Structures are given as structure tokens and as C-alpha cells.
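> My questions are about this predicted structure, shown below with the sequence.
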Amino acid sequence: MPSEGTLPHISGGVIGPRSDVAMALDTGWLLLTGFNIFFMQAGFAMLEAGATRAKNTKNIILKKVLNPTLGLLVYWAVGYAFAFGHGPLSNAFIGFDNFFLYQDDMTQYAFFFFQWGFAITGSTILVGSLAERTQFTSYLYINVIVTAWIYPIPSHWVWAEEGWLKNLGTNGFIDFAGGAVVHMMGGGIGLIGAIIVGPREGRWVLYVRVCVCVCV
């Protein structure tokens, strides 16, 4: 049986000693679930391409390509530090440490990959909510803001050990599969954006006319 070593185990951003086998199992599970989360990008791409007009399909697919790549750079630079940093300036509201993953600790890379998948999932919801109504560069700006600042804040509240929601009451705030941190956050931003930009012009005119004629 393997003895307790010095390899750290990551759980909710907290690092502690675990055995080699436990570390390998944890890393493998994080990577497996991270792959599953990342593959949601393909599902969103097919859903949104099918819900928009053919002339905008390339725009949708290109956004799905740049969303994870640009999101990776931004989350690596600052987003992960705001979400799970444990420096002296970290508090219940926000983390503030390990920018650019500068701490030489390979054991947290799997956890970073897992959380990056959640971060880009939250930002990709906006593509469908604002489809055919915003310029391409506008979405890139939104993607940077969401991955660097908006998503890390609630994820720190709920999943980091210092987060105020994590320590709320006896059991803390329990988030099931990112239902609040990821999907509610992304859906809320998408709803606000859809209200601001309004409906797609000319998208439902024929449909409304047909419905009116049928009803009459």
C-alpha cells in the first residue's frame, strides 16, 4: 500500500497531503469531468447554429472557437487568481494570489483546467442569448470581462474556502453542478443583454403574421 506522501490533494482550492494513488484518482477524475464540461462547447455550437439564420452560422462557430482560447488566456492570467487565490490579500469576497499560475505547483493544473471549463461555459451562454444582434468584437470584450471578473467572483463565494457563501450557516451554500455559479450567472447576464439589445429584427415577423392569420 502506498504511504502518505507530500503530494498535495486539491479540493475546493484547498491543498493538503494525500497518497500517490489518491492524487492520481483525483487528477484523473478532474480531467475526465473537465473534458465533459469542455465538450459542452460543441453542443452549444450546434444548438445556436441551428437556432440562427444560415448567414450567421460562421459567426456562431467562430465565437465558439475563440471563446475557449481567449477565455483560457484571461482565466490563466487573472480569473483563477480572483477565484481561488489564497494570498494575504484574499478575503471572503475575492481571491488575490497566484496570477498567471506563477506558483510552481503542477498538482493544481487539473483543478485549473476543470474550473476553466466552467468559466468558458458561463461566458458561452451569452452567444445564444445575443445571437444575430451584436458585433463580433463586442462579444470578445464581454468574454474577457466575464472570464476575468464576473465569473470568478461568485465561484470564489461558493467554492473557495474563504468564500462567504461557502461558510454561510452550518453547511454553507450548496451548489449542484454549477447550477447557480455557472448557469444562473450566465443566464442572468444573457437576459440582461437580451433586454438591452432587444429582439432580432425581422426574425419573427413572418411567424407572427402566420399565427395571426391562423387565429383570425
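Alright, I've got the coordinates.
> all strands for this protein, in order.
For the chain, strands defined by DSSP state E occupy the ranges 8-11, 14-17.
> doesn't Phe93 make contact with Phe82?
No - under the criterion of C-beta atoms under 8 Å, Phe82 is not in contact with Phe93, lying 9.9 Å apart. In short, each C-beta sits where N, CA and C put it, glycine included.
> Mutual contacts of these two, please.
Common neighbours of Phe82 and Phe93, counting by C-beta atoms under 8 Å, 6 or more residues apart in numbering, are 153, 156.
> More neighbours: those two, which one.
Using other C-beta atoms under 10 Å as the criterion, Phe82 and Phe93 rank with Phe82 on top: 24 against 13.
> Now do the contacts for the more buried one.
94-96, 148-149, 152-153, 156.
> Return the distance of the residue nearest to it when sequence neighbours are not counted relative to Phe84.
Spatial nearest neighbour of Phe82, excluding adjacent residues (C-beta to C-beta, 6 or more residues apart in numbering): Pro152 at 3.8 Å. The gap separating Pro152 from Phe84 is 8 Å, by C-beta to C-beta, to the nearest Å.
> so what's in contact with these two at the same time?
Gly95.
> what about the protein, any weak spots by pLDDT?
Residues of the chain meeting the criterion pLDDT under 70: 1-18, 104, 203-216.
> what about the helices in it?
In the chain, the helices defined using DSSP state H lie at 20-38, 40-51, 57-74, 80-84, 109-129, 136-145, 152-159, 185-197, 205-215.
> Would you point to the one among these that's packed deepest?
Most buried of the helices of the chain, by mean neighbour count (mean count of other C-beta atoms under 10 Å): helix 80-84, with a mean of 26.
> what's the offset of stretch 141-151 from the middle of its chain?
Between the centre of stretch 141-151 and the centre of its chain there are 9 Å (C-alpha atoms, centre = their mean, to the nearest Å).
> distance between the ends of it?
14 Å (C-alpha to C-alpha, to the nearest Å).
> Contacts for it next, please.
66-67, 70-71, 74-75, 77-79, 82-83, 118-120, 122-123, 126, 181-182, 185-186, 189, 193.
> ok, 6 Å please
Contact partners of stretch 141-151, identified using C-beta atoms under 6 Å, 6 or more residues apart in numbering, comprise 67, 70-71, 74-75, 78-79, 119, 122-123, 126.
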